[in-house]
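1. output the structure for:
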Amino acid sequence: MKLTPEVLAAAQSYINPLKDRELNLRGHKIPAIENLGVTHDQHDTIDFTDNALTSLSNLPRLHRLHTLLLASNRISHIAPSIATSAPRLRTIVLTNNLITELADLKPLGTLKHLEFLTLLGNPVREKKHYREWVIWTCASSLRVLDFQRIKDKERKSCKALFVTAEGLPTALATSIEEAASAQPTGLTFTPGGEDIKADERPGQKAGAAGRLMTAEERARRGHPVPYFNPASQPHGQNIFLRSIVPSRQLSFGFIDVHPLPILNISEHLTRRKLQTDQEAPFIIGALIGTQTGRDIEIVNTFELVLRGDQNATYDGSALSADAGPKIDHDFLTTRHKSVFPALEFLGWYTYAPVPSQLHADLSEQFNTYTSSPLLLMLTPTPKEAQGSQLETLPILAFEPTIEIKDRKSRTVFAEVSWRIQTGEAERIAVDWTARGGGGEDDLTSHLQTQRAAYKMLHDRIVVLVQYVADTLDSKAPKNHEVLRALAALVASLPASESSAFRDEFSTEYADVQLTTYLSSLTKTASVLNDIVDKHILIAGRGDEAGRGSRRRGMMGGPMGSLTGME
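-> Alright, predicted model coming up:
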């Protein structure tokens, strides 16, 4: 959403708890700061939290402004003119942004009144000498950095680190200033940059689920020959582009994918293969879930209608080259609102070896629903790997970005990492699906559950006993925290070997059994009492009925009297 004068006029403006006039622009997915001049410098605080800003720039003259809240954006660049635009800034919150180089923080040193600065969640915090550089850059005005007060001792050590005795910058300060970010506009990609290595992202080893592609995999997947014949494309054009760019700065935080979307995509592909009798049918669907800040969670999917895709393959050969692919937006909106109104549209999925121009065109059609539609791509499995068990899921995630080359812009894709997120109910369901539902009776199912529980308990006890044994034999280092936890666990167990415990347990057991026995006797006596009462009642009614019949037979009617007289 662009920051238009209409948006500014409709935004909330109020007195916050600090008695400051605040302008609330949270969560509008604003890509750039603009048109703030229409506010006429009437606000002390402006809240840009949870938007899509890539640069802290283009601010008008705001002499009154002293607080900027910019958490959960994509800011990687700070304009050098920030002190001219907002000379009285005292507080800047830049939590969860994309600032990467220490030199990119240099413009903050021009703010003479800056006292509070927060840069948590930025890649720059991982840099060596980060805190010292910020303290030295912001001189004596900065008092609190990342919620930690700055002491005079720190200021002196920082000055000694970056300034020589002659008052000149040290070699370290000069090298940091020269290492400014190569993308001052805040782009989330580096055209022509080096490939990302598998070990550049902590915890993402080669072969791990949700990892980034290695250089060899990117080269292999980027080659279209094993997957389709380029001569079959409309007008002989190769639809697959070199459209994957390195992505060291991600717009998304964590991307969590639940098992249900993966199962839905696999089922959609399998069903489409059977319907069209094609090895690589074209499929497309929507990803829905929730988004909190930069973290997204994909919990479900539904299929989409692509006009003219009845016999299309993932290379797009059956689609019209003139008209291009078209999403049925009416179907998407109706399905989303009627079936999944509580979930947000996050992106879309398809089946292909690598993003292409077809996918770039489709991605632009989703911009009306979200500013950065995520692409989840199920990739074809090589034939040589189909007979073996794959260690990773053949799924890649991409974020669309804009690349400017030769004064022309085009949509390219930056690969992002993702991970599988499961709950207890999902793990049970997936395990049941993997093992298959059987016609077992309740007793067998109950016994299997009990066996699994006992086996797990036994395995855990064996591990604990082995750890204690290794500790006693000095084969494993002592971890006092673990040993204290084990001691507390053992102390919490009932002392089953104590004679007093056994006597008390036997007494309580006998009391419970006696109480149960007395209750059963009382209930049985009550039932017998009811039976006796009913028997007496029925027997009494029978006796009275028999005596009445005999009286009527002897004396009870005129015919009876006559018969007796004869």
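
2. quickly find the element holding Val463.
-> helix 442-472 (DSSP states H and E).

3. counting contacts, what elements does that helix pack onto?
-> Contact analysis of helix 442-472 by 3 or more Cβ pairs under 8 Å, 6 or more residues apart in numbering; DSSP states H and E lists helix 480-492 as its packing neighbours. Backbone N, C-alpha and C define where each C-beta goes, glycine included.

4. how far does the helix it packs on sit from its chain's centre?
-> 35 Å (Cα atoms, centre = their mean, to the nearest Å).

5. any stretches of the stretch 401-550 of the chain with poor pLDDT?
-> 404-407, 433-441, 494-497, 541-550 (pLDDT under 70).

6. 50 - rerun?
-> Counting by pLDDT under 50, the stretch 401-550 of the chain contains low-confidence ranges at 550.

7. what do you get for the stretch 1-150 of the chain?
-> In the stretch 1-150 of the chain, no residues with pLDDT under 50.

8. which stretches in it count as strands?
-> Using DSSP state E, counting those that start in this stretch, the strands assigned to the stretch 1-150 of the chain run over residues 12-15, 21-24, 45-47, 55-56, 67-69, 77-78, 91-93, 116-118, 144-145, 148-149.

9. wait, which of those strands is closest to Thr39?
-> For those, the distance to Thr39 is smallest for strand 21-24, at 6.6 Å, taking Cβ to Cβ.

10. report the buried residues of that closest one.
-> Buried residues in strand 21-24, counted by 16 or more other Cβ atoms under 10 Å: Glu22, Leu23, Asn24.

11. who are the packing partners of that strand?
-> strand 12-15, strand 45-47.

12. can you put the ones you listed in TSV and add mean neighbour count?
-> TSV is the format used below for these (neighbours: other Cβ atoms under 10 Å):
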stretch	mean neighbour count
strand 12-15	10
strand 45-47	21
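
13. with distance to Thr84 as extra columns, can I get the ones you listed in CSV?
-> Below are those laid out as CSV (distance: least, Cβ to Cβ, whole Å):
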stretch, distance to Thr84
strand 12-15, 25
strand 45-47, 17
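
14. now tabulate the buried residues of strand 21-24 in CSV and tack on distance to Leu117.
-> Shown next, in CSV, are the buried residues of strand 21-24 (distance: Cβ to Cβ, whole Å):
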residue, distance to Leu117
Glu22, 19
Leu23, 21
Asn24, 22
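
15. which of those residues sits closest to Ala160?
-> Glu22 (40.4 Å).

16. show me the contacts for that closest one.
-> Counting by Cβ atoms under 8 Å, 6 or more residues apart in numbering, Glu22 touches Ser13, Tyr14, Ile15, Asn16, His43, Asp44, Thr45, Ile46, Asp47.

17. likewise for Leu378?
-> Per Cβ under 8 Å, 6+ apart, neighbours of Leu378: Ile265, Ser266, Leu269, Tyr349, Thr350, Tyr351, Pro394, Ile395.

18. okay but the third one is in contact with Ile284, surely?
-> To tie it back to what came earlier, the one meant is Leu269. No: using Cβ atoms under 8 Å, Leu269 makes no contact with Ile284, being 11.0 Å away.

19. any residues in contact with both of these two?
-> Between them, Leu269 and Ile284 share no contacting residue, judged by Cβ under 8 Å, 6+ apart.

20. hey, which helix is longest across this protein?
-> When the chain is parsed with DSSP state H, its longest helix is helix 499-555.

21. from the chain's centre, how far out does that helix sit?
-> Per Cα atoms, centre = their mean, the centroid offset for helix 499-555 relative to its chain is 64 Å.

22. counting contacts, what elements does that helix pack onto?
-> Checking 3+ Cβ pairs under 8 Å, 6+ apart, helix 499-555 ends up next to helix 558-565.

23. rounded mean pLDDT for the helix it packs on, please.
-> In this model, helix 558-565 has a mean pLDDT of 44.

24. helices of the stretch 101-250 of the chain, start to end?
-> Assigned by DSSP state H, counting those that start in this stretch, the helices in the stretch 101-250 of the chain fall at 130-137, 152-162, 171-178, 215-221.

25. so can I have JSON lines of these showing mean neighbour count and distance to Pro31?
-> Shown next, in JSON lines, are the helices of the stretch 101-250 of the chain (neighbours: other Cβ atoms under 10 Å; distance: least, Cβ to Cβ, whole Å):
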{"stretch": "helix 130-137", "mean neighbour count": "20", "distance to Pro31": "27"}
{"stretch": "helix 152-162", "mean neighbour count": "14", "distance to Pro31": "35"}
{"stretch": "helix 171-178", "mean neighbour count": "14", "distance to Pro31": "29"}
{"stretch": "helix 215-221", "mean neighbour count": "15", "distance to Pro31": "28"}
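
26. those helices: lowest mean pLDDT?
-> Among the helices of the stretch 101-250 of the chain, helix 215-221 scores lowest, with a mean of 53.

27. domain parsing for the protein?
-> Domain assignment of the chain by automatic domain parsing yields the ranges 5-178, 198-425, 443-492, 499-562.

28. coming back round to it: as JSON lines, the helices of the stretch 101-250 of the chain with distance to Leu537 would be great.
-> Listed next are those as JSON lines, based on distance: least, Cβ to Cβ, whole Å:
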{"stretch": "helix 130-137", "distance to Leu537": "94"}
{"stretch": "helix 152-162", "distance to Leu537": "98"}
{"stretch": "helix 171-178", "distance to Leu537": "104"}
{"stretch": "helix 215-221", "distance to Leu537": "89"}
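
29. the nearest residue to Lys29 once chain neighbours are set aside: what's it in contact with?
-> Using Cβ to Cβ, 6 or more residues apart in numbering and skipping residues adjacent in sequence, the residue nearest Lys29 is Ser371, 4.5 Å away. Ser371 is in contact with Met1, Lys29, Pro31, Ala52, counting by Cβ under 8 Å, 6+ apart.

30. dump the residue contacts of the first one.
-> Applying Cβ under 8 Å, 6+ apart, one finds that Met1 lies in contact with Val7, His28, Lys29, Ile30, Ser371.

31. neighbours around the third one, how many?
-> What it means is Lys29. For Lys29, the count of nearby residues is 13 (other Cβ atoms under 10 Å).

32. quick revisit: and the helices and strands packed on strand 21-24: which comes nearest Thr471?
-> Nearest of those (Cβ to Cβ): strand 45-47, 53.9 Å.
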